[in-house]
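**Q** Just the structure for this:
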Amino acid sequence: MSILNGSVFMPSVLTLMGIPGLESMQCWIGIPFCVMYFIAVIGNSLILVIIKYESSLHKPMYIFLAMLGATDIALSTCILPKMLGIFWFNLSEISFTACLLQMWLVHSFQAIESGVLLAMALDRYVAIRDPLRHATIFSHQLLTHIGVGVTLRAAILVAPCLVLIKCHLKLYRTTLVSHSYCEHMAIVKLATEDIRINKTYGLFVAFTVLGFDIIFITLSYVHIFITVFQLPQKEARLKAFNTCIAHICVFLQFYLLAFFSFFTHRFGSHIPPYVHILLSDLYLLVPPFLNPIVYGVKTKQIRDHVLKIFFSKKLS
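**A** Sure, this is the predicted structure:
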């Protein structure tokens with residue numbers, strides 16, 4: 001319902017603009033995005049199937065990898081089908097409720113992925129620091145509690161963002177969202193009211209989740225490296241270090257992209273808007289795309305089972 005000053009009161013439908021400034025190229029941008037999505041879904045699904053049906057992989061390291069793969073599939077699926085609809089078919093309208101749901105799912109799965117990466121770092125720390133007690137400490141009961149805790153932490157922390165938008169923001173200057181998916185600040189900036197509370201809480205969630213996780217992940221790997229370099233045998237040092245390489249690669253690609261996206265969005269006012277949006281899109285698409293490739297290449301058990309699947313099909 002419109003009011004006199006041109007603002008819109010509680011719009012029922014929003015319009016996602018895709019990548020403003022690159023409208024003529026969106027059709028072509030959608031092609032690599034689509035390829036990354038299919039590789040992400042196929043690669044992570046393959047890892048999930050291998051871990052599920054191979055009993056020798058029912059260990060904490062691989063269970064956490066399965067959690068990461070499931071989160072990556074869900075995260076990329078939350079945004080890409082709608083994004084491709086905008087790029088290829090001009091299906092840019094989305095209901096306000098669906099937009100809030102997408103926003104909640106996207107930011108929740110981001111927080112879940114960060115939490116799983118923290119759990120994986122702690123798992124490697126215990127495995128290298130105290131290998132004899134590793135299986136006892138990381139029991140199946142603890143893994144279940146970690147999975148539930150990481151999920152609840154994300155869902156509970158992100159949920160107030162929806163409540164604040166729904167209850168605190170009533171008037172909107174426009175229904176055009178200058179983004180390719182329903183990102184929190186892109187929605188908040190549409191409002192005519194004071195958005196400081198919403199903006200502050202968004203920053204609080206980002207720093208609470210990413211800041212907390214990255215500090216403890218970094219501390220875990222510092223202690224891991226100290227422990228590894230103290231091992232007396234060179235072969236033991238190399239073996240211990242190799243088990244962490246894949247985790248470190250995944251950790252770096254997730255958080256480096258997160259910080260690039262965050263700092264350009266918050267402080268890069270001189271940077272063209274399409275750069276902000278592309279970085280934000282890549283932050284959500286690149287980790288799910290690269291994670292199965294990294295683990296497929298660097299983790300021998302996963303690599304061997306993948307080769308076994310394709311080699312057996314070839315022989316048959």
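**Q** Show me the helices in the protein, by range?
**A** Using DSSP state H, the helices of the chain run over 26-53, 60-89, 96-129, 134-137, 140-168, 184-188, 196-206, 212-229, 234-267, 273-298, 300-315.
**Q** Mean pLDDT lowest where, among the ones you listed?
**A** Among these, helix 300-315 has the lowest mean pLDDT, at a mean of 72.
**Q** Of the helices of the chain, which is nearest L176?
**A** helix 184-188 (10.2 Å; Cβ to Cβ). C-betas here are computed from N, CA, C, even on glycine.
**Q** hmm, back to that, will you turn the helices of the chain into a markdown table that also has distance to L176?
**A** Formatted as a markdown table, the helices of the chain follow (distance: least, Cβ to Cβ, whole Å):
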| stretch | distance to L176 |
| --- | --- |
| helix 26-53 | 15 |
| helix 60-89 | 12 |
| helix 96-129 | 12 |
| helix 134-137 | 52 |
| helix 140-168 | 17 |
| helix 184-188 | 10 |
| helix 196-206 | 19 |
| helix 212-229 | 34 |
| helix 234-267 | 18 |
| helix 273-298 | 13 |
| helix 300-315 | 44 |
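**Q** Distance of the residue nearest to I47 when sequence neighbours are not counted relative to L307?
**A** Using Cβ to Cβ, 6 or more residues apart in numbering and skipping the chain neighbours, the partner closest in space to I47 is G69 (4.8 Å). As for G69, its distance to L307 is 18 Å (criterion: Cβ to Cβ, to the nearest Å).
**Q** And these two? Which one has more around it.
**A** Remark: of G69 and L307, G69 carries more neighbours, 26 against 11, as counted by other Cβ atoms under 10 Å.
**Q** quick revisit: the residue nearest to I47: what's it in contact with?
**A** With contact set as Cβ atoms under 8 Å, 6 or more residues apart in numbering, G69 has these partners: 44-45, 47-48, 291-292.
**Q** mind running it again at 10 Å?
**A** Shown in contact with G69 (Cβ atoms under 10 Å, 6 or more residues apart in numbering): 40-41, 43-51, 116, 288, 291-292, 295.
**Q** And it, how close does it get to L285?
**A** 15 Å.
**Q** same question, F212
**A** F212 is 25 Å from L285, by Cβ to Cβ.
**Q** More neighbours: those two, which one.
**A** Shown here are F212 and L285; by other Cβ under 10 Å, L285 has more neighbours (22 against 14).
**Q** Okay, the more buried one and H276: tell me how far apart.
**A** Shown here: L285 relative to H276, a distance of 15 Å by Cβ to Cβ.
**Q** ok, the nearest residue to R303 once chain neighbours are set aside - contacts?
**A** Using Cβ to Cβ, 6+ apart and skipping the chain neighbours, the partner closest in space to R303 is G296 (5.7 Å). By Cβ under 10 Å, 6+ apart, the contact set of G296 is 43, 46-47, 50, 246, 302-303, 305-307.
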